[in-house]
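Engineer: Need a 3D model of the following:
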Amino acid sequence: MEKQKLPNATAVIILGILSIVTCCCYGVLGIILGVIALVLAKKDTQLYLENPELYSNYRNIKTGKILAYIGLALSLIYLLLVIWMIATFGFEGMQDQELMQEKLREMLGQ
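Structural biologist: Residues are numbered from 1 along each chain as shown. Below you'll find the predicted structure:
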C-alpha cells in the first residue's frame with residue numbers, strides 16, 4: 001500500500017515561514033499566521049498518530065511547527081517592543097525623528 005501525504009503539511013510549512021517573514025508587521029500578522037500553522041499542525045498530528053503507517057511526510061509537520069513557534073516568538077517580541085515604544089514615546093514621538101531623539105537623550109541622561 002502506498003503511503004499518503006498529510007493534507008496540511010505544505011500549508012503548515014508555508015504559514016510557518018510566513019509567520020517569520022511577517023513578524024515585522026507590528027507582530028500581529030506573524031502571530032495570526034503562526035497560530036493558524038499550529039492549529040493545522042495539531043490536526044495533522046492527530047491524524048498521523050491515529051494511523052502512522054498511512055502517512056509519509058510527518059517531518060514536514062515537525063518542521064512547520066518549529067517555524068511557527070519561531071515566528072510566534074519573534075512576533076510577540078516585536079509586538080511588545082512596539083507597545084513599549086508607543087507607551088514611552090507616543091504616536092507623535094514615533095513619527096517625529098527629532099522629538100524621538102530628544103526623548104532618548106532624556107532617558108539616557110545626556
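Engineer: quick one: the closest residue to residue 9 other than its chain neighbours and residue 100, what's the gap?
Structural biologist: In space, not counting the residues next to it along the chain, residue 9 is nearest to residue 60; the distance is 3.9 Å by Cβ to Cβ, 6 or more residues apart in numbering. The C-beta positions use only the backbone N, C-alpha and C, and glycine is treated the same way. Residue 60 sits 44 Å away from residue 100, taking Cβ to Cβ, to the nearest Å as the criterion.
Engineer: Please apply the same query to residue 23.
Structural biologist: 22 Å.
Engineer: out of the two, which sits in the more crowded spot?
Structural biologist: residue 23 (25 against 17; other Cβ atoms under 10 Å).
Engineer: surely the more buried one meets residue 67?
Structural biologist: No. Look at residue 23 against residue 67 with Cβ atoms under 8 Å: they stay out of range, at 11.4 Å.
Engineer: Flag every buried residue along the helix or strand containing residue 19.
Structural biologist: In this assignment (DSSP states H and E), residue 19 forms part of helix 9-21. Judged by neighbour count using 16 or more other Cβ atoms under 10 Å, the buried positions of helix 9-21 are 9, 11, 12, 13, 15, 16, 17, 18, 19, 20.
Engineer: Can you show me the helices along the chain?
Structural biologist: 9-21, 28-50, 58-95, 97-108 (DSSP state H).
Engineer: among the ones you listed, which is the most enclosed?
Structural biologist: helix 9-21 (a mean of 21; mean count of other Cβ atoms under 10 Å).
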